[in-house]
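In: Test case, fold it:
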Amino acid sequence: MGASAAGADAPPSGHAVFVMAVLVVVVSSSLALTMAHLFRSGYPYQCTVLALQQLVCTVFAAIAMRFRPEESAALRISKWNYATMLLPFSGVLSLKLFLQNKAVQYVSPAFYAMTGSLLPVGVTVLSIAMGTAKFKWSTVAAAVVVSIGGVLIKFGQVELSPLGFALTMSSLGLDVVRLMLMQALLQPLKLTGMQTMLLSAPQQCLMFFVNAAWAEASDVAARAKLSPEDGGFGADFVPIVCTVCALAIGVVLFNLIFVKMTSAIISAICTPFKDLSTIVFSDLIVDKRTETPSAVIGFAMACTASLAYNIHDVYEKRAEAAKRETDEERKPLVGGKEDAAEKGKGPGGGGGGDAAGDEHKNAGERDDDWLIDDAYTVGAWMCVVGLIIYAYVVVWFLK
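Out: Residues are numbered from 1 along each chain as shown. Purely as a prediction, here's the structure:
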């Protein structure tokens with residue numbers, strides 16, 4: 001009994017971590033390349049595909065939460081926070097995903113992956129500018145190296161669409177905003193990854209379906225009237241869309257498992273390999289070409305600087321956390337309980353403590369907060385309403 005418990009608590013083996021890392025890299029790059037292939041193969045229906053993807057992710061999150069009773073019981077969010085904190089995050093993420101997938105119609109997925117190496121330092125520089133992070137010379141040094149690498153990547157492109165470049169940089173800019181919103185809006189909510197998916201994916205699903213009904217439904221309906229020989233949907237469309245949805249679930253699932261198995265250091269180290277895998281297979285399969293020496297050197301500089309900075313930042317935060325813990329342990333304990341008791345007394349004796357408790361309850365948890373069942377209901381309605389709107393518009397154009 002004791003041996004089995006010890007085995008259950010034992011850390012994962014190096015072989016298991018390596019296998020999971022490979023799965024994360026392969027599935028993540030496969031999703032990016034499959035979507036790029038879909039949109040570059042005559043099916044430029046980003047909103048429609050992303051709506052279906054978010055619909056599948058919603059269903060997956062709902063099923064997964066059924067098997068995680070403790071996480072389900074802990075889900076709690078006020079209606080105000082749902083509308084003012086979670087909804088803006090979902091809106092920015094939806095727009096970022098749309099621009100990202102629109103960009104790969106005009107630029108190589110390899111180029112997009114290369115420019116992704118600019119993201120970590122961009123987030124840090126913006127954090128310093130907004131006062132949410134400390135100024136550090138290491139950040140300046142990393143930003144300079146990454147910026148030089150970005151310039152080399154840009155000028156290393158033999159052919160580069162101005163529209164594609166603008167979409168790529170806009171998408172990366174929104175990704176910086178997304179990460180900042182995640183820190184400012186989502187972290188205070190203390191939601192887990194699966195809880196966030198259950199709440200956010202239906203919002204994105206509704207947004208994408210509404211946008212698809214407005215921007216793509218007429219084209220989809222017109223194409224559905226045609227035979228494959230006359231330019232209609234080919235036999236490969238549905239299998240590719242199903243593959244995209246399956247890979248989206250795989251990315252979420254494997255990343256959740258990988259984060260639990262490893263540390264932030266290992267996750268940071270694996271990030272460049274995702275980009276590298278995307279670049280290699282993009283050049284071999286999706287957009288066959290050979291990278292210029294300037295682009296390769298620029299990517300190597302930006303990737304190495306971002307990787308080194310990420311690892312340095314994680315270690316620095318760990319050291320700060322350990323120092324705070326040590327300082328807390330060194331604080332004198334004498335008088336602590338008496339001071340706490342005095343602070344807990346109100347003008348009427350012990351009544352102040354109850355008032356403080358009530359105030360804390362009102363600030364933290366309210367009786368009208370949404371729980372797991374509310375999340376299921378609201379999420380289902382959002383997905384159903386979005387699907388009905390899109391289907392109605394498509395059918396109307398088919399007539």
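In: and residue 42, that's in a helix?
Out: No - counting by DSSP: H, G, I helix; E, B strand; the rest coil, residue 42 falls outside a helix, being coil.
In: In contact with it, which residues?
Out: Counting by CB atoms under 8 Å, 6 or more residues apart in numbering, residue 42 makes contact with nothing. Bear in mind the C-beta positions are built from the backbone N, C-alpha and C, glycine included.
In: try 10 Å this time
Out: Under the criterion of CB atoms under 10 Å, 6 or more residues apart in numbering, the neighbours of residue 42 are 223, 231, 233, 234, 237.
In: cool, and residue 97?
Out: 35, 46, 47, 50, 53, 54, 171, 174, 175, 178, 204, 208.
In: Neighbour-wise, give me the winner out of these.
Out: residue 54 (30 neighbours; other CB atoms under 10 Å).
In: Would you agree it falls within a helix?
Out: Yes - under three-state DSSP, residue 54 sits within a helix.
In: Secondary structure element for the nearest residue to it once chain neighbours are set aside, which one?
Out: With sequence-adjacent residues excluded and distances taken as CB to CB, 6 or more residues apart in numbering, residue 54 is closest to residue 205, at 3.9 Å. Residue 205 belongs to helix 193-215 when assigned by DSSP states H and E.
In: about what we covered before: TSV for the contacts of residue 97, including distance to residue 291 and pLDDT?
Out: Output for those, formatted as TSV (distance: CB to CB, whole Å; pLDDT from 0 to 100):
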residue	distance to residue 291	pLDDT
35	21	88
46	26	91
47	31	93
50	28	93
53	29	92
54	33	94
171	21	88
174	26	87
175	23	83
178	28	81
204	33	94
208	33	95
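In: and which of these is nearest residue 374?
Out: The closest of the contacts of residue 97 to residue 374 turns out to be residue 204 (CB to CB; 18.3 Å).
In: you'd agree that closest one is up against residue 90?
Out: Yes - the criterion here is CB atoms under 10 Å, and residue 204 meets it with residue 90 at 5.2 Å.
In: who wins for neighbours among the contacts of residue 42?
Out: residue 237 (18 neighbours).
In: If you count contacts, what does whichever strand or helix holds residue 323 end up packed against?
Out: Secondary structure from DSSP H and E places residue 323 in helix 293-330. Identification of packing neighbours for helix 293-330 by 3 or more CB pairs under 10 Å, 6 or more residues apart in numbering; DSSP states H and E yields helix 109-115, helix 119-130, helix 137-155, helix 264-281.
In: Just say which of the ones you listed is most tucked in.
Out: helix 109-115 (a mean of 26; mean count of other CB atoms under 10 Å).
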